[in-house]
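Novice: what's the 3D shape of this:
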Amino acid sequence: MYEKKNKIISALLIFIFVCIYYYQNDLLYIPDLGLKNQTKFIQYECTKPSEICGGWGDRLKGILSTYAISMILDRKFTIKMTRNCDLKKIMEPNEINWDYEQVPQKIGSKEINIGWDRSYYDTFKKDISLFTKKKNTPLIKVKAKIQFANVLRENQNLKPKIESLGYKVDQFHIVYSLHKWYNQLFKLNKESQKKYEWYMGRLKPNKKTKLICVQIRTGDPDLAERRDYYTRKEYWRFINKKFLNSKNSGSYKIFVTSDYERVKEEAQSYFPNNEVIYNKNSSFHIEKQGDNDCGGFESVVFDFHIMQNCDIGVISHSGYGLLALLNRPEPFKELYVYSKEHKHLKITYNNDTSYFSPWKNLTWIKYSKLGDILFF
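Specialist: Alright, predicted model coming up:
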C-alpha cells in the first residue's frame with residue numbers, strides 16, 4: 001500500500017513538472033472555455049524610467065517591426081510608450097487603433113526583449129518560434145530598437161502569409177512600407193497639426209518650390225567631442241554645388257534639423273539667398289530627457305513628420321535621418337547621405353561599430369537602393 005502511494009505521488013509530481021514546463025514555453029493546450037474569440041495583443045513597449053529605449057529612430061524601428069509581426073501573427077497591435085512622455089500626448093492613432101488602454105488590465109502576458117541584439121536577424125530568417133510558441137499568451141510585450149522585421153521576407157515559411165496580406169514578398173520591408181505603415185499608425189494631435197499646416201504653407205507655398213531637407217547628427221549630448229569629426233560646412237558646400245548653382249536656385253527652400261541647435265543658425269547665415277526654415281528648440285535626443293518632458297519629444301517627432309514632404313534629402317548617416325527621408329512616397333528620391341563607402345569592407349551585424357566610429361573619411365553617397373548604405 002505504501003509503495004503504491006509513493007508511485008502515485010511520483011507520477012503526480014512528474015505530471016506537475018511537465019505542466020509547468022509546457023506552460024512556461026506556451027506549449028500547454030488550454031481548453032477554449034468560451035474564450036475562442038478573445039482578442040490577442042502584441043504591444044511595443046518603452047515604459048520604465050530606467051529603461052534605455054534609444055531615440056525616436058530606434059523606437060520607430062521597434063514600433064514598425066512589431067507592427068509587421070502583428071500582421072504575421074494576426075494579433076491586435078498596440079503601443080505603450082510612456083518613457084519620457086506618453087506618446088499619446090503627441091501622436092494619435094490614425095487608421096490603426098494602437099492605444100494601449102484597450103488592453104484589459106488583468107491579462108496574461110509575456111515579454112520578448114530584443115533590444116539591440118542583431119543576432120535575431122539571422123534567427124528570424126528561418127524561425128519565428130520566439131513569437132509563435134507564445135500562441136496561448138493573450139499579450140506579448142516587445143522591447144526592441146532594431147528593424148528585426150526586415151528579414152521576415154527571407155523566411156520561406158512566411159511567404160504565403162505575407163502574400164495573403166497583399167504584399168509582394170520582396171517588398172515586405174520597412175524601407176518600402178515605412179510611409180504606408182507610419183501613416184496607418186500616426187497622425188499629429190490637433191495643436192501640432194495646426195503648426196504643421198503653417199510650416200507647410202511656408203515650406204511648399206507653390207508647386208514650383210523644391211524643398212531641401214538637411215539633417216545633421218553631430219553626436220549625443222554626452223558625446224560632444226564627435227562634433228570635431230563633422231565638417232558641417234561640407235553639407236552647405238554640397239547643397240550649393242549640387243542644387244543652388246543654377247538659374248532656378250531661388251525656387252529652393254531649405255528645412256534644417258539637427259541635434260545641435262547652432263547648426264540651424266549656421267545654415268541661415270550660409271544661404272542668404274534662400275529661405276532657411278527650422279523648428280526652434282528641437283535639438284534633443286529624447287533618451288536624454290527627463291520623464292514627463294513632452295516639449296522636446298514633441299519637437300523631435302514634429303521635425304520627423306515634416307520631412308516626409310522633402311523633395312531632396314541631405315543627411316547624416318543616422319537612424320533618425322534615414323527613417324525620416326525614407327518616410328516619403330518615393331523613399332529613394334534624391335537622397336544623399338554623408339557616410340563611408342562600405343562595399344569593399346566586410347561589415348556584419350556584429351562589427352558595424354568599427355565601421356561607424358570614428359566618423360572620418362566621409363563622402364557623399366546617393367542612396368538609390370537597398371545596399372548603397374548600411375541600414376540596420
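Novice: Show me the shaky parts of the protein.
Specialist: Along the chain, the parts satisfying pLDDT under 70 run over 1-37, 220-231, 285, 287-292, 343-360.
Novice: Can you give me the domain boundaries for it?
Specialist: Domains of the chain are assigned by automatic domain parsing as 41-187, 190-366.
Novice: Output those domains as JSON lines; include the columns distance to Phe376 and mean neighbour count.
Specialist: (Each C-beta comes from the backbone N, C-alpha and C, glycine too.) Listed next are the domains of the chain as JSON lines, based on distance: least, Cβ to Cβ, whole Å; neighbours: other Cβ atoms under 10 Å:
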{"stretch": "domain 41-187", "distance to Phe376": "6", "mean neighbour count": "18"}
{"stretch": "domain 190-366", "distance to Phe376": "7", "mean neighbour count": "17"}
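Novice: CSV for the ones you listed, including distance to Ile373?
Specialist: Shown next, in CSV, are those (distance: least, Cβ to Cβ, whole Å):
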stretch, distance to Ile373
domain 41-187, 10
domain 190-366, 5
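Novice: Report how many residues lie close to Gly371.
Specialist: For Gly371, the count of nearby residues is 10 (other Cβ atoms under 10 Å).
Novice: so it is in which element?
Specialist: For Gly371, there is no host helix or strand (DSSP states H and E).
Novice: Of the domains of the chain, which is nearest Leu374?
Specialist: Closest to Leu374 of the domains of the chain is domain 190-366 (Cβ to Cβ; 5.7 Å).
Novice: tell me the strands in the stretch 51-200 of the chain, going along the chain?
Specialist: Shown for the stretch 51-200 of the chain, the strands assigned by DSSP state E, counting those that start in this stretch span residues 76-81, 91-93, 109-115, 139-144, 186-188.
Novice: Check which helices and strands the second one sits against.
Specialist: With contacts defined as 3 or more Cβ pairs under 8 Å, 6 or more residues apart in numbering; DSSP states H and E, strand 91-93 has these neighbours: strand 186-188.
Novice: Direction included, what does the strand it packs on pair against?
Specialist: With DSSP bridges as the test, strand 186-188 is paired with strand 91-93 (antiparallel).
Novice: From the chain's centroid, how far away is the strand it pairs with?
Specialist: 16 Å (Cα atoms, centre = their mean, to the nearest Å).
Novice: what's next to it, contact-wise?
Specialist: Strand 91-93 has contacts (Cβ atoms under 8 Å, 6 or more residues apart in numbering) with 99, 185-189, 301.
Novice: and if you look at stretch 181-196?
Specialist: Counting by Cβ under 8 Å, 6+ apart, 60, 63-64, 67-68, 79, 89-96, 98, 174, 298, 302, 305-306, 308, 327 sit against stretch 181-196.
Novice: Over to stretch 162-179?
Specialist: 61, 64-65, 68, 71-72, 147, 149-150, 152-153, 159, 181, 308, 323, 326-329, 331, 370, 375.
Novice: returning to what we had before: out of the contacts of strand 91-93, the closest to Gln215 would be?
Specialist: Nearest member of those to Gln215, counting by Cβ to Cβ, is Val301, at 13.9 Å.
Novice: From Lys134, how far out is Ser70?
Specialist: To Lys134, Ser70 is 13 Å away according to Cβ to Cβ, to the nearest Å.
Novice: And the closest residue to Asn150 other than its chain neighbours, how close does it get to Phe148?
Specialist: Once flanking residues are discounted, Asn150 sits nearest to His173: 5.2 Å by Cβ to Cβ, 6 or more residues apart in numbering. His173 is 12 Å from Phe148, where distance means Cβ to Cβ.
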